[in-house]
Structure formats: C-alpha cells, structure tokens
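[1] Got a predicted structure plus its sequence, pasted below:
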Amino acid sequence: MTVSKLKTSPRPSATTILTPKKERALLVGICRPGENMTAALEHLDELAMLAETAGAEIVEREMVKMRQYDPALYVGKGKAAELATLVAEFNADLVVFDEDPAPAQARNLERIFKSRLVDRSGLILDIFAKRAQSREARTQVELAQLKYMLPRLSGAWTHLERQQGGIGMRGPGETQLETDRRIIRAKIGKLEEDLSMIEKQHKTQRAKRADVFRFSLAGYTNVGKSTLMNVLTQAGVYEENLLFATLDSTTRNLPLGQGIKALLSDTVGFIRKLPHGLVASFRSTLAEISEADCIVHVIDIASPTYREQMETVEKILNEMGLSDVPVIEVFNKMDALDDPSVLKLVKETKPEAVLISAVKGTGIDTLRERMRHVMEQDKVVLDIQLDPTNGKLWQELYRVGEIQSTEAVGDTIQMKVQLDRVNAGRLGLLEPKRPDPWRREISSVSEDEEETPEKEA
C-alpha cells in the first residue's frame, strides 16, 4: 500500500464550539482495495468537515491506498511509521482515521504515533456530545459514548490493571479495570431506564396526534432540513451550515392551504457509517420517522456526493422497516448548483421529485401541493363488523368515509368502507402501521466483545 500526500488547502472553520486552543489534527483517509479514489477523496473531505465541526485544526490530510488489511495495525507497519513521521513533523495532537480500527489496533497505532487516535465513530460521538441540549439528547449521547468506551477501556486505562490492595483487601479480588467496567455497565443500565421513561412519554405524546396526518423530514446531515422546517412551519428551529446542527426532534403544525393541516417533524440527520450504538440510542428520536405517514427525503443537489448520500439514507430507512411508507424526494439547494446538467439529469431520472431552494423559497408551493396529493391518496378499504347500537361510530363512518357495501350478519352489520388512514386510526379501526423496527440493542457488552485479541506491534 502507498501513502499519497495531498495538498492541504485552507478550509473555512465550520464552528467554534470547542476550547479556544484547537487541537491539531492529522486526517487519514482510507482507500480500500477496489474502491474508487475519487470517492475516497470525497469521504476524506467529509471527514475534514467532521473534524472542523468538532473544533479541530487540520494540519495535514493523507490518503492511504490499502492493498491488504493488517490485523495488528490496520494500515501496515511501514505505513504506520510514515504516518508517525508526519505526526512529528506537523506536531499533531491527534490522528483522525476515516475508519474504525479495532481497539487493539488503535492501541498499537497510538504507541507508534505517540499521539492520540480518534476514529470516525469517536469523532461523530464527540460532535453529538457538544450538540446535545435537551435531557433526552444528552441521555442518548451519554449512553452511546459509554457503549463505545466499554470495549476500549483496556486500551485507555492499562495503568489501572492491578489488584486492589490494603488491609483486608488482599487476595484474588478484582482488577481496577474490572471495577471500572462494572461501574460503566451500571451507568449504562441506569441510562437505559431513563431513556425508556423518556420514550414512554414521547409515545404518549404521539398517541395524542394519531388522528393527524404526519410528515417527517429525513435526509443526510446538513442538507437543509431545519431550514425547510422553518419555511414550512415557522418553527424557529436552529439552523446553521454545520453537521448535526439539530439533534432533538421537533414537531409542528403544517398548514398546506385549502384548510388542510398536518404535522411535520424534523429529526437528526444521517451520515455515512453512523455509529450503530448511536442509532440504537437515538431510537426514540427516530421514532418520529418510523411513525410517519409520509417521509420527506431532503437531498442536497449541490453536493458532489448527493447520490451516495441518497443511498445512505435509503439504506437506513429500509433497515428501519419503512420501505412501505410513501416518500417525497425533495432536492434542495438548487440555488447553489453550479452544474446545470445535474439539474437536467435529476428532472429526467426523478420526474416525481420536487426541486426547491429552502433559502430562496423556490418550489415551496409545489412541495405543499405534492404533500396534499399524498394525503388524498393515503386511503384504506376496511371490512368492519359494526354493532347497530353504536350510532356514533356509524355516523362518523358515513361522515368521513365512503361506504361501499353493507350486509346484516346476525346481530351485527358487515360493512366495507373506504376512508383515509388518519381517520381510520382515529376511530380505532387500524392496528399500528408497523411493528417497532428498532429493537433495543443497547444491552451491556459481554466480556468476549470487550476485547478482541490482536497481534501486538
């Protein structure tokens, strides 16, 4: 494998959310065997945005083209030594990898670099920790961080691997490291309980909105979801040209004209290789998407990697079991698009998509019209056994539905009726649209998962 030096160009600082003294970071991109170098370079650009969002000062960027995987050092002994030279040359405080080396590999690399190593997941978790404002978001992030930390304790706290001593404490005992693991597991259990209570509260709140059609914004981070939310609902959601500017879900009334109203929710953005533990922890936030009647997939058409971003979001939505939910594809930031051929291509390949500029207000009326159309099309046909004495339900079905047939069957009336899904849910005629797609996968990590033996360098 070879390390190719890339010219480091100055990049505008994305934010100043860290301490006044920024940490100097060496970024390392990975081009896997068979991977396109152009795509790998775009991934490295995204890593740079993440590092800047976290508050790091980027001193150099390197791309490692891998020919084979090294079980001890991930990138190989020779390339690790070359990177160590760059760390010393640029006086880097930390090395940021665009992949997630195993804990043992990370320890080996840190010994060679004589500098701290931060992988992609750790970097994203750090950003989330700084963005979290509400109690729910802080709980979710802390839980994900502890889950991330647990298998890495043996690397971070090797100086604690000793028996506790003292009068009355000599003997087998447990190592300090085992004690710390036990403390973290107990903390994880407490956070899981707290998050479960928060989820129940949110579920109760969502149940009260069951009779209203719900749209949910979904998309890659920094595609303009919060800006669109504010344009459509005047919600006043925080918006900034930052990755993960919004972590907490926000739901507001959505006026669509012609007296039609719905609800619109804005949630945390997705990103390539979003840490699994973070997705599991943000289960209650993502529930706004999983319970939506229609998903508005916002795409940054001005991004050179918009296709890959679309695939990332679609993959996560499919994993959530939402492939059956109607989706409106909204291509945002058309005002920032330099290449008109991209706009032409999208119009040809995505004729149903809506092209907008949330900042300029372009295409918003078209989007509202598309939303109204989706609401009108979301109808179900139900076979109902109705008690003739239930006059209130009988009256409501005639008011909001279209009765297709009625037949007396014994002491009941067999009725076939077509009505929209919102009213069907309000009248208690529908089971939940889909089961909970996110099984809780945030139980404590086992001893076997905590430490994967790797060859030491």
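    Everything's here; your move.

[2] Show me the strands in the stretch 51-200 of the chain, by range?
    57-65, 94-97, 116-118 (DSSP state E, counting those that start in this stretch).

[3] deepest of those, which one?
    Among these, strand 94-97 has the highest mean neighbour count (mean count of other CB atoms under 10 Å), at a mean of 24. Just so you know, the C-beta spots here come from the backbone N, C-alpha and C atoms, and that holds for glycine as well.

[4] What is it packed up against?
    Under the contact definition 3 or more CB pairs under 8 Å, 6 or more residues apart in numbering; DSSP states H and E, strand 94-97 sits against strand 24-31, strand 116-118, helix 120-131.

[5] mind checking which of the strands of the stretch 51-200 of the chain is nearest Ala72?
    strand 116-118 (14.1 Å; CB to CB).

[6] can I get the strands of the stretch 51-200 of the chain in CSV with distance to Pro71 and mean pLDDT?
    Listed next are those as CSV, based on distance: least, CB to CB, whole Å; pLDDT from 0 to 100:
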stretch, distance to Pro71, mean pLDDT
strand 57-65, 16, 93
strand 94-97, 16, 94
strand 116-118, 17, 92
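
[7] Include distance to Glu35 when you put those strands into CSV, please.
    Converted to CSV, the strands of the stretch 51-200 of the chain look like this (distance: least, CB to CB, whole Å):
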stretch, distance to Glu35
strand 57-65, 9
strand 94-97, 15
strand 116-118, 22
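
[8] what's the most buried one of the helices and strands packed on strand 94-97?
    strand 24-31 (a mean of 24).

[9] sorry, back to before: is it possible to get TSV of the helices and strands packed on strand 94-97 that adds distance to Pro351?
    Supplementary listing: these in TSV, determined by distance: least, CB to CB, whole Å:
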stretch	distance to Pro351
strand 24-31	36
strand 116-118	44
helix 120-131	35
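
[10] any idea which of those scores lowest on pLDDT?
    Ranked by mean pLDDT, those bottom out at helix 120-131, which scores a mean of 84.

[11] Show me the strands in the stretch 251-400 of the chain, by range?
    Going by DSSP E, counting those that start in this stretch, the stretch 251-400 of the chain shows strands at 261-266, 294-300, 327-332, 354-355, 379-386.

[12] got the buried residues for the last one?
    Of the residues in strand 379-386, those scored as buried under the neighbour-count criterion (16 or more other CB atoms under 10 Å) are 382, 384, 386.

[13] Assess the claim that Ala302 and Leu337 are in contact.
    Yes: between Ala302 and Leu337 there is a contact under CB atoms under 8 Å: 4.8 Å.

[14] who's in contact with the residue nearest to the spatial centre of the chain?
    In the chain, the centroid-proximal residue (CA atoms, centre = their mean) is Phe270; its distance is 3.6 Å. Phe270 is in contact with 218-221, 312-313, 316, counting by CB atoms under 8 Å, 6 or more residues apart in numbering.

[15] switch the cut-off to 10 Å
    By CB atoms under 10 Å, 6 or more residues apart in numbering, the contact set of Phe270 is 218-221, 223, 279, 286, 289, 309, 312-317.

[16] just Glu311 next, same as before
    Glu311 touches 220, 272, 305, counting by CB under 10 Å, 6+ apart.

[17] rewinding a little: so what's in contact with Ala302 and Leu337 at the same time?
    331, 357.
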